[in-house]
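Participant: coordinates for the following, if possible.
(one chain, ligands or ions: 1)
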Amino acid sequence: MKKLVSLVLLSACLLQARSQDIKMPLARFRTGDSLAWSQPAYDDAGWATLRTSESWDLQGYDKYDGFGWYRIHVIIPSSLRDHSLWKDSLRILLNKIDDADEVFFNGTLIGKEGAFPQDGGGYQSAWDQVREYHLGTASGLINWDGDNLIAVRVYDGNGAGGLFGGLPSVSMIDLIDAVKMTVEFDSVNQQGKWVSPVKVVNNSNQPVSGNLRVRIVDTDSSLVWKDQVRQVTIDPDKVIIGQMDLPRDRRLEVQVAFTEMNTGKSVGIRKTVPYILTPDPSPQPRINGASVVGVRPGSPFLFKIPATGQKPLRYKVENLPAGLRLDPATGILTGTLRSKGDYRLTVSVRNQLGEARRSLLISCGNQLALTPPMGWNSWNCWGLSVNTDRVKSSAQALIDQGLIEHGWTYINIDDGWEADSRGPAGQIIPNSKFPDMKALGDWLHGHGLKFGIYSSPGPRTCGGYLGSYQHEAQDAATYASWGIDYLKYDWCSYGEIHRESDTTLASYVKPYQVMSRALRAQKRDILYSLCQYGMKDVWKWGATVDGNCWRTTGDITDTWGSLSSIGFSQTRQYAYAGPGRWNDPDMMIVGQVGWGDHLHPTRLTPDEQYTHVSLWCLLSAPLLIGCDLSHLDAFTRSLLTNDEVLAVDQDPLGRQGRQVARSDSSQIWMKPMADGSFAIGLFNTASQYQSLTVNWASIGLPAGTYRVRDLWRQRDQGAFADSFTSRVAPHGVTLLLISK
Ligand code: GLA
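Facilitator: I've put the predicted structure just below:
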């Protein structure tokens, strides 16, 4: 009976449901600047029409910087106000605007973000800020049931320009806005299921009543696992908590919706359960990670043989060259090679259940980073609030959670470690958060890990800390004395030294050349990571300054927009990558990230994270984990420990993958592998499921039958004569290895 009542109530609410907001997908647009364009009476019939959800650069105004105006005409029905509970404020949501703007409503200025060049104090970008403006219904400004004009005066300083980040809308501020909901997938119970609390919070100061509906849908079979509606009243500042135990190996979608009783307005969330594809590791011994490693003659050598399998494991090496030794209990190789040459070792790892053998090539010469570096960097989680404990706890977790056994090696401190001023002899010193860099380096090396640091060729880093300008040789020597193995060298304030009028390539190369020489003068190998966001096509010259990798883009953030625009734009420089020289599309954005003290789970969906890791591996990208590893959840761990996927990145041939097919809603990327096979990613860039087909002939493969293996599932799919088809989740991927 109770169930029946709530279902009747729900349908009543659904019947009542009406448009909660008015979307504004299009606007009139022109470049230039005139305040006359803020006025409703102005005739904009001759202006262009632009989508309001993406920058003007993507709509025919590529690389246009300067002023541009949007005029959005919108009819605001009085029913929008009448069907709200509170009736007092209209919300105008414009999402983000690149870079600064003024907003006029029916000719009256209602808001401003950032600053224009002519403003006292000069130009200031507010590109990453959400624009939300509120208008009182009693203001007299709103023309109910008639035409209203929202005019937006935008100034774009550089890069993309204009409105972006979602569809602008007009809605009433209402009680429903106070209802927020979350579903979490943090912990796992003894049966190996996600323990998933659903929380619905009332942030207002009055009770809110309505229907709460929870649905769980298996998206692979479209089967509805659960569909429950109940009537609830949530008191002010109270939370309703439900709990679900959900399997980890199915792609389920949890949908939670709350419909407010008085207005019929709803809020809801949909979350894909983080479904784990990586199989549990076998108890049999297995050797993972890179099979080639570079070192310079005379430099300290350190290599931890990554291996999984039931512990204890015993390590053995045949053909160990003079100068190197192996710790048979940890698999850590150390020592020094005096002469250049290729040393071919056979590594074996044994436990009670058997033995695994593999060859390891140590190439002693000039080349480092024969496969892309893999490790952890502090920036995407801790930002400038990094400290010794935070570095050590992630390093410790990398060991304890077994990531080290899959090839993860570097522990890199990004910006924020430097003291305010140099020491008496001009030497760089760490700030109080890093009391003993040498001890930290020794501790890492003792565990088979490597140690990375960050600086800038300019006087200041991007975070405002001291850079290496005019102290390059001294800093390189200091790093070497701490045991540094990796330097990220970030352009930042070098822009102040570099004359803007000097557009020569030499002037962009110079600061990287200076530090290159300083690093080479050290008696240890310091992997050199250039960070200047791709200026002057750095992939064409990065290797000439002994760069081992170079950022090809600006900074990544944990959104699909950022991930897909960076990741899928990496094809043009593919030919420049190879052993010792890698294109770097920036660090990883899985797990707990935050760029400061407060971390949050990545905003990428599980499928977007599969896309992220798959694409980065196809791109032979440096893999630098950007999350707090001391809070590693089971899903993120599974993403970072799939050896067949990581092997695509670490393949010794070192050829970067490239885009071989694309449509508006899909892309196919392909990477040739050392053994003659091909790694292929079928990416669904749309928001719905799609069946994607890769046809051997259309991606340039010789005719014939190919064996297909699903790398995430580590499962053979069979042999296919012409093509292979896979149903791919929204923003997701199927990653394949195909071979004859
Ligand atoms: C720049 C870099 C980032 C990070 C910060 C540190 O923005 O691109 O990766 O190193 O500087 O301030």
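Participant: pLDDT averaged over stretch 173-189 - what is it?
Facilitator: Average pLDDT, stretch 173-189: 94.
Participant: ok, now which ones touch residue 704?
Facilitator: 696, 721, 740 (CB atoms under 8 Å, 6 or more residues apart in numbering). Yep, even glycine has a C-beta here, placed from its N, CA and C like the rest.
Participant: should've said residue 313
Facilitator: Residue 313 neighbours (CB under 8 Å, 6+ apart): 285, 307, 331, 349, 350, 351.
Participant: please apply the same query to residue 595.
Facilitator: Residue 595 sits next to 379, 380, 381, 382, 383 when contact means CB under 8 Å, 6+ apart.
Participant: apply 7 Å and report the result again.
Facilitator: 380, 383 (CB atoms under 7 Å, 6 or more residues apart in numbering).
Participant: just the element for it, please.
Facilitator: Following DSSP states H and E, there is no helix or strand that holds residue 595.
Participant: could you dump the contacts of residue 704 to JSON lines with neighbour count?
Facilitator: Converted to JSON lines, the contacts of residue 704 look like this (neighbours: other CB atoms under 10 Å):
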{"residue": "696", "neighbour count": "20"}
{"residue": "721", "neighbour count": "10"}
{"residue": "740", "neighbour count": "12"}
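Participant: relative to the ligand, which of the residues you listed is nearest.
Facilitator: residue 696 (39.1 Å; CB to the nearest ligand atom).
Participant: distance of that closest one from residue 677?
Facilitator: 13 Å (CB to CB, to the nearest Å).
Participant: what of residue 279?
Facilitator: 20 Å.
Participant: okay, these two: which has more neighbours?
Facilitator: Set residue 279 next to residue 677 and count neighbours by other CB atoms under 10 Å: residue 677 wins out with 19 against 14.
Participant: give the contact list for the nearest residue to that one once chain neighbours are set aside.
Facilitator: Among residues not flanking residue 677 along the chain, residue 739 sits closest, at 3.7 Å (CB to CB, 6 or more residues apart in numbering). Counting by CB under 7 Å, 6+ apart, residue 739 touches 676, 677, 706, 707.
Participant: and for residue 533, the neighbour number?
Facilitator: Residue 533 has 15 nearby residues by other CB under 10 Å.
Participant: may I have the phi/psi pair for it?
Facilitator: Main-chain dihedrals, residue 533, degrees, to the nearest 10: phi 70, psi 20.
Participant: who's in contact with residue 726?
Facilitator: Per CB under 7 Å, 6+ apart, neighbours of residue 726: 682, 692, 734.
Participant: strands - which of those land there?
Facilitator: If you go by DSSP state E, the contacts of residue 726 have 682, 692, 734 in strands.
Participant: in a markdown table: those, plus distance to residue 668, pLDDT and neighbour count.
Facilitator: Listed next are the ones in strands among the contacts of residue 726 as a markdown table, based on distance: CB to CB, whole Å; pLDDT from 0 to 100; neighbours: other CB atoms under 10 Å:
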| residue | distance to residue 668 | pLDDT | neighbour count |
| --- | --- | --- | --- |
| 682 | 6 | 98 | 25 |
| 692 | 8 | 98 | 20 |
| 734 | 10 | 98 | 25 |
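Participant: quote the end-to-end distance of stretch 410-428.
Facilitator: This stretch, stretch 410-428, spans 22 Å end to end (CA to CA, to the nearest Å).
Participant: where in this structure is pLDDT low?
Facilitator: Across the chain, the ranges flagged by pLDDT under 70 are 1-18.
Participant: pull up the residues of it that are close to the ligand.
Facilitator: Listed as neighbours of the ligand in the chain under the rule CB under 6 Å from any ligand atom: 379, 414, 415, 461, 462, 463, 490, 531, 555.
Participant: repeat the analysis, applying 8 Å as the threshold.
Facilitator: 379, 383-384, 414-416, 454, 461-463, 465, 488, 490, 492, 531, 533, 551, 554-555, 586-587 (CB under 8 Å from any ligand atom).
Participant: list only buried entries from the residues you listed.
Facilitator: Listed as buried from the residues of the chain next to the ligand are 379, 383-384, 414-416, 454, 461-463, 465, 488, 490, 492, 531, 551, 586-587; burial here means 16 or more other CB atoms under 10 Å.
Participant: give me the subset of those residues that lies in helices.
Facilitator: The helices, defined by DSSP state H, take in residue 379 from those.
Participant: report the contact partners of residue 227.
Facilitator: So residue 227 contacts residue 215 (CB under 7 Å, 6+ apart).
Participant: check the one 5 residues further on too.
Facilitator: Under the criterion of CB under 7 Å, 6+ apart, the contact partners of residue 232 comprise 209, 210, 212, 240.
Participant: for the helix or strand containing it, buried residues please.
Facilitator: For residue 232, the element it lies in under DSSP H and E is strand 223-234. Buried positions in strand 223-234, judged by neighbour count with 16+ other CB under 10 Å: 225, 229, 231, 232, 234.
Participant: count of residues packed around residue 423?
Facilitator: Residue 423: 11 neighbours (other CB under 10 Å).
Participant: before we move on, what about the one 4 residues further on?
Facilitator: Using other CB under 10 Å, residue 427 has 13 neighbouring residues.
Participant: and it, what does it touch?
Facilitator: Here residue 427 is in contact with 474, 478 (CB under 7 Å, 6+ apart).
Participant: do residue 590 as well
Facilitator: Contact partners of residue 590, counting by CB under 7 Å, 6+ apart, are 602, 609, 612, 627, 636, 639.
Participant: try residue 109
Facilitator: residue 102.
Participant: what strand or helix carries it?
Facilitator: strand 108-113.
Participant: right, and the helix or strand after that strand?
Facilitator: Sequence order places strand 130-136 as the next helix or strand after strand 108-113, per DSSP H and E.
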